[in-house]
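Participant: Could you work out the structure for the sequence below:
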Amino acid sequence: MSQTAEKFGVLKQTGEGTIRSTDRGFGAKPSARTGGREMPFSRITVDPKQMGGVPCIRRLRIPVATLVDMVAEGMPMADILSAYPDLEEEDVREALRYAAEAVRERELPLLSA
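Facilitator: Modelled structure (predicted):
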């Protein structure tokens, strides 16, 4: 497992080969609207009874924020998919689109130089 995977709390469980992430991500629940049209996110689920309502990928308990962080740190797609065998490449792409929409939907404070 790569150091980047370890940084994000990705842990392989022996025997079953499953993955657990200790990163709970962020709890933002933005509307999925752009220019007055709905943007469907068929792979993103938000369930108050699962992961405290944090946006996850297909009810897999893999937070969107975890995937976005991995991509931001430069982790190759192959390493992400290796760390989370249940994921598909389209899951990661949709997580990035969802994150972009979340930022687009609200104003974030920026530090001036």
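
Participant: Low-confidence stretches in the protein?
Facilitator: Applying pLDDT under 70 to the chain picks out residues 1-39, 105, 107-108, 113.

Participant: Scan it for its longest helix.
Facilitator: Longest helix in the chain by number of residues (criterion: DSSP state H): helix 89-104.

Participant: What helices and strands are in contact with it?
Facilitator: strand 44-45, strand 56-57, helix 64-72, helix 77-83 (3 or more CB pairs under 8 Å, 6 or more residues apart in numbering; DSSP states H and E). To be clear about C-beta, it is placed using only N, CA and C from the backbone, and glycine gets the same treatment.

Participant: Now do the end-to-end distance for stretch 71-86.
Facilitator: Using CA to CA, to the nearest Å, one end of stretch 71-86 lies 17 Å from the other.

Participant: contacting residues around the closest residue to F41 other than its chain neighbours?
Facilitator: Nearest residue to F41, sequence neighbours excluded (CB to CB, 6 or more residues apart in numbering): Y98, at 5.3 Å. Residues near Y98 by CB atoms under 8 Å, 6 or more residues apart in numbering: 32, 41, 44, 55, 64.

Participant: what residues are up against the spatially closest residue to R43 that is not a sequence neighbour?
Facilitator: The spatial neighbour of R43 that comes closest, neighbours along the chain excluded (CB to CB, 6+ apart), is E94 at 4.5 Å. Contact analysis of E94 by CB under 8 Å, 6+ apart lists 41-44, 57.

Participant: and what of V46?
Facilitator: So V46 contacts 29, 53-56 (CB under 8 Å, 6+ apart).

Participant: Now do T45: how many residues are near it, please.
Facilitator: 17 (other CB atoms under 10 Å).

Participant: nope, R104 is what I was after
Facilitator: 11.

Participant: I appreciate the help and will end here.
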